Structures are given as C-alpha cells and as structure tokens.
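Novice: Coordinates for the following, if possible.
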Amino acid sequence: MIAPIATARLLLRPLEAADATELHRLVNDYSVAGNLARVPFPYSRTRAEEWIASTRRQAERGEGYHLAVTEAGTLVGCVGLTLGRQEAAELGYWIGRAYWGRGLAREAAGALLAWAERELGLRRFAASALADNHASHAVLRALGFVEVGEGSEPYLSRNRVMPVRLFRREAGAGARGFGMAAAPPAGETAALAAQAAATGQPVPAAPAASGLPLVLVVACALIDADGRVLLAQRPQGKPMAGLWEFPGGKIAPGESPEAALIRELREELDIEVAAACLAPLSFASHAYPDFHLLMPLFVCRRWRGTLRPREGQRLAWVRPQRLAEYPMPPADQPLVAMLREML
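Specialist: Residues are numbered from 1 along each chain as shown. Just a heads-up that it's a prediction; the model follows:
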C-alpha cells in the first residue's frame, strides 16, 4: 500500500470501506459513469464495496494503484494506475459532478503520475477517453499526454462499444501545474467553452459563485401508452447538434414553467397539453462554462393532436431501460436514472 500523496489542495490516499457510501453517491450519476468504460450504470452500493476491496488486493499484488481523491477530508473522486494490461501503465480518473470546473482531475492525476515515476520507476503511460469527451482530452494534454490515434472500447455504462481517442505519455513529459491551486489556463478554458457549446459534453465549468447568468428552461418527458419516452435530437445548426434531449425550451420573462412548456410543445411538436396533465418530477442544475442552467422536468401522459417534428428534429420513442444509450446534454443525463426508476 502506498502512503498518502498531498498536493496543494488534495490528499490522495488508499480507498477504505467507509468510502463506499460517498463513492456510490458520486459515481452513480450518468454524467460521471457515462464517461467511464468499466463502470456500469446504474452503479450499485454493493459494487462500490466490492471494487474498494479489490483495489487493496491489486495494490498488494502490484497490479494497480487506485486512490481516493479527497479535499479537506471529503471524497471528491478517484484516480488510479493499472499495470500489466499493456506495456504502459494505464491512467484513469473521475471527479464527482459537484466538483467539476476546478482543475481537480488534472491536479490529482498529475500527482499520481509524478509518484509513479519517482517511486515505481514507470516510464510510459497510456490513457483513453471518449472521442467527444473534450474535457478529458484537455486534462490529458495538460498532463503531457499526446494523442496517438483512435480506437473503440466497450463501455459498460452505455452497454455498447464506443469510439475513443488514445493517448500516450513518456516519463518527464511535464504535467502542467498539477500541484497548484489554480483554475485551468485562460486559453484552455476558452477552448473548452467552445467545445461545450458545440458538443454539450461535461467540460470544466466555472463554480456557481462566479456570477454566471442563470438560464431557466423547462423540459417534458412525454410517455406513451407502452411506457416509452419521447426524445428529440437537436438538429444541425443548433448548439449541441446531434444530442438527444427531452422536448422543451426557455422560459420567457413573466412566463410560468407550465405555460412555457405548453407553448414549446405546441411549437416543437404540434400538440396541445393542458396544465393539469403536467406532473413535476425533478429538476436539473448544471453549470456550463458561460451560464448556469436550471431545468425543471415534467411528466406528461395525455395530449391532443398527432406528434410531428416542426423544427427539423428527429424523434424517437425509447424504452426506459435504453435511455442511457442515447447521448444527451450533461444537464439531461442525471434525470435519466430518476425517470427510469419512476417507470
């Protein structure tokens, strides 16, 4: 077992059985699990306990080192190196969604890489990330990784094979500022913001206290007689084109969420919905790089008219257990688990 590794803000330490509750809470979030190849979704508490126990056995055998990332004693994520699967040690990491946007993944991974070079004498490192996970690409480049190609990997969280980008790093490549309590460099932040606007991926976002403008939108899970949920694909030319979402839109000044949703469903899908048929289910709160989104989600089972796409969007009726197979904006993703549980 390795001794704890301290950085400017973090303490990396071996995982303990007592971490299971918080680890389960953080990773059982599709916006986190959906970017991890070996994590199923939903993620059970029992699986968290079993994985924590396995990390100690891996360390004892010298096969891998997986550590809790903690800040002021609070678990915020995990970082690890797996040895033996290929000629290079494989880096993996994740940070809970509430802690995104502060450079913690870069700081934690950089510290572990430096430890591995110094204490284990490792010289070559490998990593992969989803092809459209631009936030992770930026983290890896900041750590001195170089993109070397493309590939595909089975993702348990998505129940399918996904395209990935492959990265390599040689020892001493120079992780950029991993021990500093600082935000990502300005140029990197701007680049990630542009990627977020184009892809909707969960990239580092500014903290809620930074004065981001609040954008209010409303969404609806339309459910048909067979229990399927309607998803709409954002058309080309719009931000986050190609991603699937629950129908809805922005709330106009002075407009109630119900009134806004009735209007949006009429404009987008040519159907009429009564306010009495809208049942509030949950809400999403997500910080994008340049605004903070607040989105209540309603459920509706009754409407008048025949659904037809009026804005060039594709529509799909999806079984609840298959919702996670459709790539969504990060604000929509956490709502999937709750909706599946309800249905």
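Novice: if you skip the residues just before and after it, what's nearest to Asp332?
Specialist: Leaving aside its chain neighbours, Asp332 sits nearest to Glu245 (5.2 Å; criterion: Cβ to Cβ, 6 or more residues apart in numbering). All C-beta atoms are positioned from the backbone trio N, CA, C, and that covers glycine.
Novice: That neighbour contacts Met328, correct?
Specialist: Yes. At 6.0 Å, Glu245 counts as touching Met328 under the criterion of Cβ atoms under 8 Å.
Novice: picking up where we left off before, which residues touch the residue nearest to Asp332?
Specialist: Each residue near Glu245 by Cβ atoms under 8 Å, 6 or more residues apart in numbering is listed here: 219, 231-234, 328-329, 332.
Novice: And it, how far from Pro309?
Specialist: Distance, Glu245 to Pro309, by Cβ to Cβ, to the nearest Å: 13 Å.
Novice: Identify the contacts common to those two.
Specialist: Residues touching both Glu245 and Pro309 by Cβ under 8 Å, 6+ apart: Ala232.
Novice: and His286, what does it touch?
Specialist: 205, 292-293, 295, 330-331.
Novice: of these, closest to Leu12?
Specialist: Distance to Leu12 across those (Cβ to Cβ) is lowest for Ala205, with 23.3 Å.
Novice: follow-up on the earlier one: strands - which of the contacts of His286 land there?
Specialist: By the criterion of DSSP state E, membership of the contacts of His286 in strands covers 292-293, 295.
Novice: Flag the least confident of the contacts of His286.
Specialist: Among the contacts of His286, Ala205 has the lowest pLDDT, at 36.
Novice: And the helices in this protein?
Specialist: Under the criterion DSSP state H, helices of the chain are mapped to 20-27, 30-33, 45-61, 104-115, 134-142, 186-199, 257-269, 333-342.
Novice: For the third one, what is the distance to the chain centroid?
Specialist: Put plainly, it is helix 45-61. Put simply, helix 45-61 sits 23 Å off its chain's centre (Cα atoms, centre = their mean, to the nearest Å).
Novice: Now do that helix and helix 20-27, the angle between them.
Specialist: Angle of helix 45-61 versus helix 20-27, following axes from the mean of the first three to the mean of the last three Cα atoms, to 10 degrees, is 110 degrees.
Novice: Just the buried residues of helix 45-61, please?
Specialist: Judged by neighbour count (16 or more other Cβ atoms under 10 Å), helix 45-61 contains these buried residues: 47-49, 51-52, 55, 58-59.
Novice: Make a markdown table out of the helices of the chain and add mean pLDDT and distance to Arg322.
Specialist: Converted to a markdown table, these look like this (pLDDT from 0 to 100; distance: least, Cβ to Cβ, whole Å):
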| stretch | mean pLDDT | distance to Arg322 |
| --- | --- | --- |
| helix 20-27 | 94 | 21 |
| helix 30-33 | 88 | 13 |
| helix 45-61 | 94 | 21 |
| helix 104-115 | 95 | 29 |
| helix 134-142 | 93 | 25 |
| helix 186-199 | 38 | 22 |
| helix 257-269 | 95 | 21 |
| helix 333-342 | 77 | 10 |
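Novice: Now render those helices as TSV, adding distance to Pro4.
Specialist: Listed next are the helices of the chain as TSV, based on distance: least, Cβ to Cβ, whole Å:
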stretch	distance to Pro4
helix 20-27	17
helix 30-33	23
helix 45-61	13
helix 104-115	10
helix 134-142	22
helix 186-199	28
helix 257-269	47
helix 333-342	31
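Novice: Of the ones you listed, flag the one that's most buried.
Specialist: Ranked by mean neighbour count, those are led by helix 104-115 with a mean of 24 (mean count of other Cβ atoms under 10 Å).
Novice: What is it packed up against?
Specialist: Counting contacts by 3 or more Cβ pairs under 8 Å, 6 or more residues apart in numbering; DSSP states H and E, helix 104-115 packs against strand 5-6, strand 11-14, strand 64-71, strand 74-82, strand 89-95, helix 134-142.
Novice: Show me the one of these that comes nearest Ser256.
Specialist: Closest to Ser256 of these is helix 134-142 (Cβ to Cβ; 34.6 Å).
Novice: got a list of what Trp317 touches?
Specialist: The contact partners of Trp317, by Cβ under 8 Å, 6+ apart, come to 224, 226, 228-230.
Novice: Where is pLDDT lowest across those?
Specialist: When these are compared by pLDDT, Asp226 scores lowest at 90.
Novice: Count the residues that sit near that residue.
Specialist: Asp226 has 7 neighbours, counted by other Cβ atoms under 10 Å.
Novice: what do you get for Leu122?
Specialist: Residue neighbour count, defined by other Cβ under 10 Å, stands at 16 for Leu122.
Novice: Return stretch 134-148 as PDB; C-alpha atoms alone will do.
Specialist: The C-alpha trace of stretch 134-148 is given here as PDB (Å, rounded to 0.1, in the frame of the first residue of the first chain):
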ATOM      1  CA  HIS A 134     -13.200  17.100 -25.000                       C
ATOM      2  CA  ALA A 135     -12.800  17.900 -21.300                       C
ATOM      3  CA  SER A 136     -10.800  14.800 -20.600                       C
ATOM      4  CA  HIS A 137      -8.700  15.400 -23.800                       C
ATOM      5  CA  ALA A 138      -7.800  18.800 -22.400                       C
ATOM      6  CA  VAL A 139      -6.900  17.300 -19.000                       C
ATOM      7  CA  LEU A 140      -4.600  14.600 -20.600                       C
ATOM      8  CA  ARG A 141      -2.900  17.200 -22.800                       C
ATOM      9  CA  ALA A 142      -2.300  19.300 -19.800                       C
ATOM     10  CA  LEU A 143      -0.600  16.300 -18.100                       C
ATOM     11  CA  GLY A 144       1.800  15.900 -21.000                       C
ATOM     12  CA  PHE A 145      -0.100  13.200 -22.900                       C
ATOM     13  CA  VAL A 146       0.000  13.200 -26.700                       C
ATOM     14  CA  GLU A 147      -2.900  11.800 -28.800                       C
ATOM     15  CA  VAL A 148      -1.700   8.800 -30.800                       C
END
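Novice: I am finished for the moment; much appreciated.
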